[in-house]
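In: can you look at this prediction? I've put the sequence above it.
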Amino acid sequence: LSLSLARTHTHTLTRSRFSRTSREVPSFRMLGLEHKETRNVDLVRPMKDFITRVYEQNGEEYVEELRAINDLRMAVVSAPRDESGLDILRRYHAQVEYLEPRFASTHGLTVGVVFAWSDTFTGKHDESLSLAAEKAAVLYNMAATESTLGCRHWDAVGDSKEANLKAACSHFQTAAGVVSSLADLMPGGATDLASGAMAVVKPLFMGQAQECFTVKAIADNRTNSLVARIAVQVAEYYDQAHTALLLLLDAAPNPHKHPWRGWPLLLRIKCMYFRSLSHYYMSLSAAQSSAYGKQIARLRACQALLADIVKVHKASKDNKDVALDSVTSLKKTVDTALTAAEKDNDSIYHERVPPETQLEETPPASVVKCTPYVRDAAATDLLGRLVPLTVLLVVSTYSERKARLLRRVAAEAEEKDLELQRALSAMNLLDGVPAAPSMSLPPDLFQKAAVLREEKAGLHDVGGQLDELRADGAQARRDLDSVRAALAKDFMASAAQRTLARDLDASLEQAGRVDAELFRRWEEAVPRLELLNGPHEALRKALPAKNLLEAPTDADGQRKLEDLVKQARTVMRQRKELCQQLRDQLTQDDISSQLLTCKDADAMMDAAIKRHDSLVQQISQSSQHQKELLDALVDTNARLTDVRKANEDVFAAQKEFVEELLAAFETFKIVRGKVEPGREFYRAFKQRLGSLRSGLRSMVEAPAAPTAPKPQRSNPSTPTSSQPTTP
């Protein structure tokens, strides 16, 4: 029944889409920033005079551009709270960013324009001569407008307009991004621009954007577990905003009159509500996976949170503006689902219901982004032609001085790095101190040893077959000699019979040579094969090893060499990092703003370039230390020459030993493969010889040559015949 109810609710939500009365969809109100108010100012005359006084140019030539900027400033004063107002604020913000470096307050010289903006916390106007404060106030109003538009679209979501929901989410995300950019400025003065206020509104707008996406996820029938994770992230954002808001109100001189005094209750209720909503959708997920005990536990946790919300709401004096429609709707749904789930579990499933403390935490899923606001790069700089020639020339000269310094230091550092690398490469230390070479018996060698121990076609079996092959060859020679003797006595033998006898003799001679080579290779391989066929421990002991009593060792020298190589690598790494740090410093070193009011440009450049002396000296000191390091490396490496030679000799002996074992096994395979073809040759030879014998009259009358006894199979290392017959 619980799962059926969940499916029914999801179906109802899908039909109503964005209906604000749906029990599964939150319908709390959204919060926005109040706009700052400002007064008209005259930018033309003060900036024109500043250009004449500081830039030493005719300010009248820039009156047209200054009037355009002033008109834009006047439009900001009465900018509407809609998209057109946003466009005005963005265009003016771009011009302020262009103006700021040209009219920066330096050495007491200011434009003389007084910018006044209201403080939304106190209602008073704060005055400032700073363009940075002007820019901060404009950004604040941009965030306020974005949040206002987000609230408007959110209020229109109930009209089943999906575009409104997407637009609300977008506006809240943009508002959070603008606040993030505003926080980076860290302006002073107005309390609504202080870091404490920014710490409230940034997570607030992120939470409201995430809340919009939660409604969208429910309407789109996303998986229950995903909806739960998105809801948890909403609660996290609101929890951050609530904590920061309490700190802000505690520090306020009169918190009861603060314009945000009604926010804490709404944020706390929202935080609790979305945690309960997460429990509800996790219960639906548990029901889908037949985890009925967890389903009930989640519903109980949700029910408890909803009850706490009602208590918190009743206990607050500022609860008139906080409606609990969403809470009441969700509570009805949860009560119905919990009653049905408990009934089914008691009568059917009988699953244990875990306490809330044993439930797994639902990981939050953030689906919104906070991108800091950046001025449109395509925005036109209305005062773009105001660039003093003297400043350009000095900046160009200073850039060349920086480039020369960097080229000199980088070239010296590169030369020292190459010197150190060549030295390490010559000592074979470029990749570190090589470990003493050592070889162990390869694992496949023991597999080959297992082959030798096989009863059939193993070492002893092949040795016995070689003995039989040797006996077959000897017997064939005796039989052929007997036939040739009879052939010499038989004057009636034909030419074909004599030719056949000669062919048999030639093939037997060739077979004898092949056998001799086979037997020779076998006898050479037998000692290694016997070792390979023996116990594994004996094979390991036979592997050549370093004689610790006779071979030279120098553990201290080895450790010292390793330390010196590490120092060499550290020197190169640190030098590279210092060069990169110098490069970054020189890139960021911009004196153009200081040059506008500077009387002695050469002195300023000298002072500016000296700021990099510390890094240059550090790079130089690393190069001086390198000579001592190289001397120590050469001496220590020379001390270890004998040790390295001894290790290399042992390694060469080990390698040779393993190669001999592998070669012996290859010989074994060759011999094993040739024994049977050899014996087959002698059987065929015997048949051909028999046919020749039967055609000779003297052989028919005379008895056949005696057959030698069949040899007994013996150890492969002890030949059974004195004649050298090799496979």
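Out: Good, I have the coordinates.

In: what are the boundaries of the helices in the stretch 351-500 of the chain?
Out: 389-426, 443-452, 459-489, 495-533 (DSSP state H, counting those that start in this stretch).

In: pull out the buried residues from the second one.
Out: Buried residues in helix 443-452, counted by 16 or more other CB atoms under 10 Å: Leu445, Lys448, Ala449, Val451, Leu452. Bear in mind the C-beta positions are built from the backbone N, C-alpha and C, glycine included.

In: hmm, back to that, which one of the helices of the stretch 351-500 of the chain lies nearest to Leu193?
Out: helix 389-426 (31.9 Å; CB to CB).

In: for the closest one, buried residues please.
Out: In helix 389-426, counting by 16+ other CB under 10 Å, buried: 391, 394-395, 398, 402, 405-406, 409, 412-413, 416-417, 420, 423-424.

In: switch the helices of the stretch 351-500 of the chain over to a markdown table; also include distance to Glu236.
Out: Listed next are those as a markdown table, based on distance: least, CB to CB, whole Å:
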| stretch | distance to Glu236 |
| --- | --- |
| helix 389-426 | 47 |
| helix 443-452 | 55 |
| helix 459-489 | 74 |
| helix 495-533 | 68 |
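
In: returning to that earlier point: just the buried residues of helix 443-452 now: which is nearest Val616?
Out: The nearest one, if we look at those relative to Val616 and count by CB to CB, is Leu445, at 60.1 Å.

In: from Glu562, how far out is that closest one?
Out: As defined by CB to CB, to the nearest Å, Leu445 lies at a distance of 32 Å from Glu562.

In: try Ala413
Out: Distance from Ala413 to Glu562, by CB to CB: 25 Å.

In: remind me which residues of the stretch 401-550 of the chain are low pLDDT?
Out: 433-439, 546-550 (pLDDT under 70).

In: kindly report the same for the chain.
Out: Applying pLDDT under 70 to the chain flags the ranges 1-24, 104-109, 158-161, 184, 186-190, 388-391, 433-439, 546-555, 593-599, 697-727.

In: what do you get if the cut-off is 50, keeping everything else the same?
Out: 1-23, 107, 549, 596-597, 700, 702, 714, 717-727 (pLDDT under 50).

In: elements contacting the lengthiest helix in it?
Out: Longest helix of the chain, by residue count under DSSP state H: helix 641-694. If contacts are counted by 3 or more CB pairs under 8 Å, 6 or more residues apart in numbering; DSSP states H and E, helix 641-694 sits against helix 443-452, helix 459-489, helix 495-533.

In: could I get those helices as CSV with distance to Ala337?
Out: Putting these into CSV (distance: least, CB to CB, whole Å) gives the following:
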stretch, distance to Ala337
helix 443-452, 63
helix 459-489, 79
helix 495-533, 76
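
In: tell me which of those sits most buried.
Out: helix 459-489 (a mean of 19; mean count of other CB atoms under 10 Å).

In: now do it: which elements does it pack against?
Out: Here helix 459-489 touches helix 495-533, helix 641-694, helix 697-701, going by 3+ CB pairs under 8 Å, 6+ apart.

In: distance to Pro253 for those helices - can I get that in JSON lines?
Out: Output for the helices and strands packed on helix 459-489, formatted as JSON lines (distance: least, CB to CB, whole Å):
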{"stretch": "helix 495-533", "distance to Pro253": "94"}
{"stretch": "helix 641-694", "distance to Pro253": "79"}
{"stretch": "helix 697-701", "distance to Pro253": "138"}
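
In: among the ones you listed, which comes closest to Leu359?
Out: Nearest of these to Leu359, taken as CB to CB: helix 641-694 at 61.4 Å.

In: could you give the angle of that closest one to helix 443-452?
Out: Helix 641-694 and helix 443-452 are oriented at 30 degrees to each other (axes from the mean of the first three to the mean of the last three CA atoms, to 10 degrees).

In: doesn't Trp117 belong to a strand?
Out: Yes - counting by DSSP: H, G, I helix; E, B strand; the rest coil, Trp117 is part of a strand.

In: spatially nearest residue to it (excluding sequence neighbours)?
Out: In space, and not counting its chain neighbours, Trp117 is closest to Ala137: 4.2 Å by CB to CB, 6 or more residues apart in numbering.

In: do a quick rundown of the strands in the stretch 51-200 of the chain.
Out: With DSSP state E, counting those that start in this stretch as the criterion, the stretch 51-200 of the chain has strands at 115-118, 125-128.

In: tell me the most buried of the ones you listed?
Out: Sort the strands of the stretch 51-200 of the chain by mean neighbour count, taking mean count of other CB under 10 Å, and strand 115-118 sits at the top with a mean of 20.

In: mind giving me the packing neighbours of that strand?
Out: Counting contacts by 3+ CB pairs under 8 Å, 6+ apart, strand 115-118 packs against strand 125-128, helix 131-155.

In: mind checking the helices and strands packed on helix 641-694 for the one nearest to Asp590?
Out: Nearest to Asp590 among the helices and strands packed on helix 641-694 is helix 443-452; the distance by CB to CB comes to 64.9 Å.

In: next, the angle helix 459-489 makes with the closest one.
Out: Going by the same axes, to 10 degrees, helix 443-452 makes 50 degrees with helix 459-489.

In: many thanks, we can stop here.
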